[in-house]
Each structure stands twice: as C-alpha cells, then as structure tokens.
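Undergrad: I'll drop the sequence and a predicted model, then ask my questions.
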Amino acid sequence: MKKWGLILATLLTLYTNVARADGIETYSTGKNTKILELLYPVAEEGNVAAQGLLGQMYFRGEGVTQSYLEAAKWFRLAADQGDAYSQGKLGGMYDVGLGVTQDDKEAVKWLRLAAEQGEVSAQTVLGMSYLYGNGVTQNFHEAVKWHRLAAEQGGAISQNTLGSSYLRGVGVTQDYQEAAKWYRLAAEQGDPFSQYNLGLLYFNGLGTTQDYVRAYMWLDLVANKGYKNAEEDRAWIAKEMTFSQIADAQEMSHDCGRKNFKNCE
C-alpha cells in the first residue's frame with residue numbers, strides 16, 4: 001500500500017507542477033489500474049489535483065473508458081475550486097460541446113477565469129472568442145490582448161494569429177515586420193500555417209527582404225505535409241527561380257526538418 005501511496009503522490013505532484021498528467025498512462029494501464037482505486041476517494045474528498053487528474057484521464061481515455069461526461073464532471077469540481085487548468089478544459093468543452101451542451105457564454109466564463117491565471121490554451125481560445133464574437137461582443141483589441149499573452153508564453157496558435165493581426169492591421173497598427181516576427185516564432189515550433197504564411201512574406205518581400213529561396217524552403221516544408229495550397233504556391237515560386245536556387249531551397253528544407261525547424265535561416 002505504501003508503494004501505491006507514493007505513486008499517487010507522484011501523480012498529484014506531476015499534475016500540480018503543470019505536467020498535467022502526461023505520465024499517468026504509465027501508472028493507470030494494465031496491472032497498475034490499482035491507482036484508480038486510490039485516486040477516486042481522494043478526489044471525492046475534494047482534492048483539486050486528484051479531481052483535475054481524473055478529469056484528464058476521462059478526457060483522454062487513459063486507464064479508463066473515455067467519457068467526456070465524466071471528464072466534465074471532474075473538471076467542474078476542480079474548476080469550482082479555482083484550478084486554472086480545469087477551468088480552461090471545461091471552457092474548451094463548452095466551446096465545442098464535448099460532454100456538455102455547447103454554450104459560448106459559459107465557455108467564455110470559464111476560459112476567462114483560466115486565462116486570467118495565465119493558462120495559455122485558455123488565453124488562445126478566449127482570444128479566438130473575441131476575434132469571431134463567440135459568446136462576447138466582437139472586439140479585435142481584446143482578441144489581440146489575449147493572443148499576445150498566450151504568444152509571449154510560446155503558444156504557437158496565438159503567435160500565428162498575432163502575426164496575421166499585424167499583417168492585416170486588425171486590432172493593431174499594420175506592421176509587416178511584427179507579422180514576420182510572430183510567424184517565425186510559431187514556424188520554428190513546427191506550426192504549418194505559420195510556415196506557410198512566413199513563406200509568402202518572403203516571396204512578397206513583406207517584413208523581410210524578398211527571398212525566393214527562403215520562401216520555397218518554408219512552403220516546401222508545408223507542401224511535404226500534404227497541404228495543397230502550399231504545393232501550388234511552391235510551384236508558382238519555382239517559376240521565378242533557377243535550378244540551382246531550387247536545389248538550395250530543397251536542401252535547406254531537408255535540413256530544417258532534420259533540425260526540428262530551429263535555426264533554419
């Protein structure tokens with residue numbers, strides 16, 4: 001019993017230290033389902049980390065049969081106690097209607113609580129809510145505010161969205177260099193939409209020096225993942241390049257993928 005108590009304590013520590021139960025599958029599958037017998041009473045006694053952990057397990061189907069209804073139940077209990085991660089997950093479930101009736105306003109309520117505590121994914125989804133007017137009055141400045149907070153913490157989706165805001169001048173003063181900056185940060189995380197957008201900036205010389213080789217490189221990375229628009233634009237750019245330039249760009253693309261998109265330029 002002492003062994004299982006130690007494992008339970010380890011899992012709860014992982015959860016509260018932002019690991020968010022990434023390691024629970026190791027303990028909660030196969031012969032180690034014993035951990036669930038220990039987790040339930042702790043969660044029912046009101047332990048926030050245990051409630052959030054159970055919510056995550058049901059959400060992912062790790063060690064239990066996947067159930068969004070059960071996930072929502074446990075996330076709500078933890079969210080009511082102020083757990084930012086559970087608030088964000090519950091808000092996301094209301095946003096798309098997983099385990100709950102879809103409700104934009106309820107989604108915004110929980111997302112805001114989590115976002116105000118610095119939860120990156122909640123900041124991103126809340127930014128999208130303001131961008132499209134889901135559950136709130138459409139407000140581009142508020143959208144930029146929340147996306148910037150998430151982007152500064154490394155959220156790739158928000159980095160790409162912020163880049164697009166600067167590209168089009170939506171909620172901010174139009175600034176192509178800022179657009180390129182945020183696209184590049186997300187592109188280096190492997191975000192295909194940012195890689196595509198950055199490639200187009202290089203092709204058009206917006207916020208960057210016009211560079212067909214770098215444009216081809218970024219589009220090639222996306223095209224190789226099966227994105228049709230990237231394939232078509234890559235072919236268009238190739239018409240403006242020499243065979244030598246194309247060869248260089250293809251080699252850069254290969255090296256970039258090998259380096260996990262870091263230091264590609």
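TA: On my side now, so go ahead.
Undergrad: so what's the nearest residue in space to Gln81 that is not next to it in sequence scoring on pLDDT?
TA: Distances taken as CB to CB, 6 or more residues apart in numbering put Val48 closest to Gln81, at 4.8 Å, once the chain neighbours are dropped. To be clear about C-beta, it is placed using only N, CA and C from the backbone, and glycine gets the same treatment. For Val48, the pLDDT comes out at 92.
Undergrad: pretty sure Val48 is touching Ala78, no?
TA: Yes. Assessed by CB atoms under 8 Å, Val48 is found in contact with Ala78 at 5.1 Å.
Undergrad: Tell me which of these two has more neighbours.
TA: Neighbours around Val48 and Ala78, counted as other CB atoms under 10 Å, are more numerous at Ala78. The numbers are 28 against 20.
Undergrad: Could you report the separation of that one from Gly205?
TA: Counting by CB to CB, to the nearest Å, the gap from Ala78 to Gly205 is 50 Å.
Undergrad: Repeat that for Glu188.
TA: For Glu188, the distance to Gly205 (CB to CB) stands at 21 Å.
Undergrad: One more: Arg112?
TA: Distance from Arg112 to Gly205, by CB to CB: 40 Å.
Undergrad: before we move on, what about Met252?
TA: From Met252 to Gly205 the distance is 18 Å (CB to CB).
Undergrad: How about the secondary structure of Lys225?
TA: Here Lys225 is recorded as coil under DSSP: H, G, I helix; E, B strand; the rest coil.
Undergrad: residues in contact with it?
TA: By CB atoms under 8 Å, 6 or more residues apart in numbering, Lys225 lies in contact with Pro192.
Undergrad: I'd guessed Gly135 sits against Asp104; true?
TA: Yes. Between Gly135 and Asp104 there is a contact under CB under 8 Å: 3.1 Å.
Undergrad: okay, these two: which has more neighbours?
TA: The residue with more neighbours, out of Gly135 and Asp104, is Gly135; 20 against 15, by other CB under 10 Å.
Undergrad: Against which helices or strands is the helix ranked longest in the chain packed?
TA: Determined from DSSP state H, the single longest helix within the chain is helix 243-258. Contact analysis of helix 243-258 by 3 or more CB pairs under 8 Å, 6 or more residues apart in numbering; DSSP states H and E lists helix 212-223 as its packing neighbours.
Undergrad: Swap in 10 Å and give it another go.
TA: Helix 243-258 sits against helix 212-223, helix 228-238, with contacts defined as 3 or more CB pairs under 10 Å, 6 or more residues apart in numbering; DSSP states H and E.
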